[in-house]
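Trainee: What would the 3D arrangement of this be:
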Amino acid sequence: MNPASDISVIIPLYNKAASIQRTLRSVMSQRVQPREIIVVDDGSTDDSAQLVQSLNSPLVRLLRQQNRGVSAARNRAMAEATGRWVALLDGDDVWEEDYLQRVESLISAYPDCGAYGMGFWVETDGRRTLGSFPRQEGVVDFFSLSMTCYVLIPSATTLNRELALSLGGFPEGMRMGEDQYLWTRIARSAKVAFSPHAAVIYSRTAENRSAAIYRAEQTRFSFEDLYDVSADDMSNEYVARVALGKALVECVRGGSDAARRALRFFSYNSLSKRIERKIRLFNALPAGMRGWVYNLYNWLAWVIARKGM
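Mentor: Predicted coordinates:
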């Protein structure tokens, strides 16, 4: 079997008129073509869907639904896909022409994994810098490495479709951390392989990245559900790290109660105390001050790091 012929590309789409054609062309120009490209338009209010249709590609299948969020769009795409593997891609990111060829090689070398990650570039206002990811290829310790760098990000990740669906897919309604939620469940169930070849361009200038349009959560899913008292690996530390990072954003944007709850529940951690201190600091400030103080804090941290102080 040629693994790449069994890969479905899935793309959630919401108001990406400025970038979706560039994204799709990067898939259609792959050296190794996918089985199909499934685009789920999640209630876009611009002409994103029409731009997808205008490409008139036999590879592309456009599905439409009312706005239900990125997790619901990805889950529908996975359910509709026919490939054994699903390669995730967001509507403002792009692949280099050898991306699927590299994925094919990774799957062939490590065929029994639940997820495959790749290196990536970060693009900001047209400038690219290499992302933070492992520098070795092969089966990796996902939880240990993910404490310090990125092993899996959506546009550089390929999943075993059946496994992802059997675990419930992405947590619908979760607005932040939905990808890490599923990564945790997959990495506890199967091996993860990684290639440091950077063939993905991740855009940080997108207008509607989930972190940029944060709203209060409305979901039955919680990172608290992922705590496993019997786990003997780093997975509980990883869960705490992600949950506390999410709580910090909630705190900065006024979610004081959510932040306090996270501090109580994830106090078991031993490797994320710095994030805990930040949450307590910002929670002590008036809600109206938190945003600009947080931006100032990050700017000062960047200046200090750059000057080597």
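
Trainee: Now do the longest helix seen in the chain, average pLDDT.
Mentor: Criterion DSSP state H: the longest helix present in the chain is helix 287-307. Averaged over helix 287-307, pLDDT sits at 79.

Trainee: helices or strands next to it in the packing?
Mentor: helix 235-252, helix 273-283 (3 or more Cβ pairs under 8 Å, 6 or more residues apart in numbering; DSSP states H and E). Every C-beta, even on glycine, is put in place using the N, C-alpha and C of the backbone.

Trainee: most packed of the ones you listed?
Mentor: For those, the largest average neighbour count (mean count of other Cβ atoms under 10 Å) is found in helix 235-252, namely a mean of 23.

Trainee: what does it contact?
Mentor: The list of residues contacting helix 235-252 from outside it, by Cβ atoms under 8 Å, 6 or more residues apart in numbering, reads 143, 146-147, 176-177, 180-181, 184, 187-188, 211, 214, 223-224, 226-228, 255, 258-259, 261-263, 265-266, 268-272, 275-276, 278-279, 282-283, 290-291, 294.

Trainee: Stretch 54-67 now?
Mentor: By Cβ under 8 Å, 6+ apart, stretch 54-67 touches 14, 21, 24-25, 27-28, 33-34, 36-43, 49, 52-53, 72-73, 76-77, 80.

Trainee: could I get the helices and strands packed on helix 287-307 as a markdown table with distance to residue 155 and mean pLDDT?
Mentor: Output for those, formatted as a markdown table (distance: least, Cβ to Cβ, whole Å; pLDDT from 0 to 100):
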| stretch | distance to residue 155 | mean pLDDT |
| --- | --- | --- |
| helix 235-252 | 18 | 96 |
| helix 273-283 | 25 | 95 |
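
Trainee: closest one to residue 127 among the ones you listed?
Mentor: helix 235-252 (24.7 Å; Cβ to Cβ).

Trainee: report the angle between the axes of the helix or strand just after the closest one and helix 273-283?
Mentor: As assigned by DSSP states H and E, the chain's next helix or strand after helix 235-252 is helix 256-265. Helix 256-265 and helix 273-283 are oriented at 150 degrees to each other (axes from the mean of the first three to the mean of the last three Cα atoms, to 10 degrees).

Trainee: That concludes my questions; thank you for your assistance.
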